[in-house]
Each structure stands twice: as C-alpha cells, then as structure tokens.
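Participant: need coordinates for the following:
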Amino acid sequence: MSDQVTVHKLDADGVEVWQYTGRFLSRMPTEWKLEATFGRDRVRVGELRIVAGDRFVETFYSDRWYNVFEIHDGQTDELKGWYCNLARPARLDGRDLSQEDLALDLVVYSDGRMEVHDRAEFEALELSKEERSSVEAGLLELKALARAGQGPFHRFD
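Facilitator: Now for the predicted structure:
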C-alpha cells in the first residue's frame, strides 16, 4: 500500500481551491499525520514566513474542527511554528484527504506566542450557529493544546 496521499483543500462551499501530495506518517481511526513539502510561492502570515521547500508535518482529524501544520525550515529543519486551519472535520477516501477550510486561522510561533487571523473572513461566511460554535470551540481547544505543548504541539522549552 502506498504512503502517498493527495490533500484537497476546499473552501467553505466545498469547492476545491488547492491540492498537493504528501506521504502518510501515521493513520489512526480519527487522526492522520502526513509530511509534505511546501511548493507554492512565499506566504507570510503575521511573522510566520513560509517559502517553497519548507517541510510540513500535518495533522488532520475526522472528529475535530481544525488541522495543524507544523512548519520546518526547508534548509535547516528548524521549527518555524504552527499554522492551524479552523475547518470542518477531514474526510479520508483511500488516498484522498479532503477538508473544508472555514477561513479562521491560528498561528503559533515557536516561542509560544499566538495570533488569530482572518476573523472578518470567517464572520462573513454563511454558517449555521452549530458550525460557528464548533469552530470557536476548536479555536479554544487549539490554544489550550498549544499552551500545554500537547497534541500536535511541541513543548516550547
């Protein structure tokens, strides 16, 4: 069985906006961890700079409203930080992993600082009250995990 996976990033309406390949590092019933290399042009989110060649360790969940990308410098492998998408729970179908991004993002820097991004874009989405509540609960959970250095986050010391 191949370790290759194609990740499909969808918008809130379920329309594909981007796809890329990676390889599975682990597969559990509700959690999938994979590794991918960033292949797009430079992106800056707050102080986090992501460039082509950076190594991502990505964790997706079928029972949580987020995913977490641990980002390493492509040359030195130094940890840059984590980029977290608030999103509907992921779906895995064979070697295709899909997730619907709901705009809201959390950046966690390697020193433990955190920033929420794209709040206005999230607020503009047509979501149910239950979906909004699930996203906000996911954001709180991510912050707590990051502060504690648990789940997909490393300790900051």
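Participant: going by C-alpha atoms from here, please, whenever you check contacts or count neighbours.
Facilitator: Will do.
Participant: ok, which stretches of this protein are strands?
Facilitator: 4-10, 16-27, 31-37, 43-45, 48-50, 55-61, 66-72, 79-87, 91-93, 96-109, 114-117 (DSSP state E).
Participant: now do the first one: which elements does it pack against?
Facilitator: Spelled out, it's strand 4-10. Contacts defined by 3 or more C-alpha pairs under 8 Å, 6 or more residues apart in numbering; DSSP states H and E place strand 4-10 against strand 16-27, strand 96-109.
Participant: check the longest one too.
Facilitator: Here strand 96-109 touches strand 4-10, strand 79-87, strand 91-93, strand 114-117, helix 119-124, going by 3+ C-alpha pairs under 8 Å, 6+ apart.
Participant: just say which of these is most tucked in.
Facilitator: Among those, strand 79-87 has the highest mean neighbour count (mean count of other C-alpha atoms under 10 Å), at a mean of 23.
Participant: least trustworthy helix or strand in the chain by mean pLDDT?
Facilitator: Within the chain, confidence by mean pLDDT, DSSP states H and E is lowest for strand 43-45 among all helices and strands, at a mean of 90.
Participant: where does the residue lying closest to residue 106 once chain neighbours are set aside land on pLDDT?
Facilitator: What sits nearest to residue 106 in space, not counting adjacent residues and going by C-alpha to C-alpha, 6 or more residues apart in numbering, is residue 116, at 4.6 Å. Listed pLDDT for residue 116 reads 98.
Participant: correct me, but residue 116 touches residue 104?
Facilitator: Yes - contact criterion C-alpha atoms under 8 Å: residue 116 and residue 104 qualify, at 7.3 Å.
Participant: before we move on, the earlier item: can you put the strands of the chain in TSV and add distance to residue 144?
Facilitator: Output for those, formatted as TSV (distance: least, C-alpha to C-alpha, whole Å):
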stretch	distance to residue 144
strand 4-10	25
strand 16-27	24
strand 31-37	19
strand 43-45	21
strand 48-50	20
strand 55-61	17
strand 66-72	14
strand 79-87	13
strand 91-93	25
strand 96-109	11
strand 114-117	11
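Participant: would you single out the least confident of those?
Facilitator: With a mean of 90, strand 43-45 has the lowest mean pLDDT of the strands of the chain.
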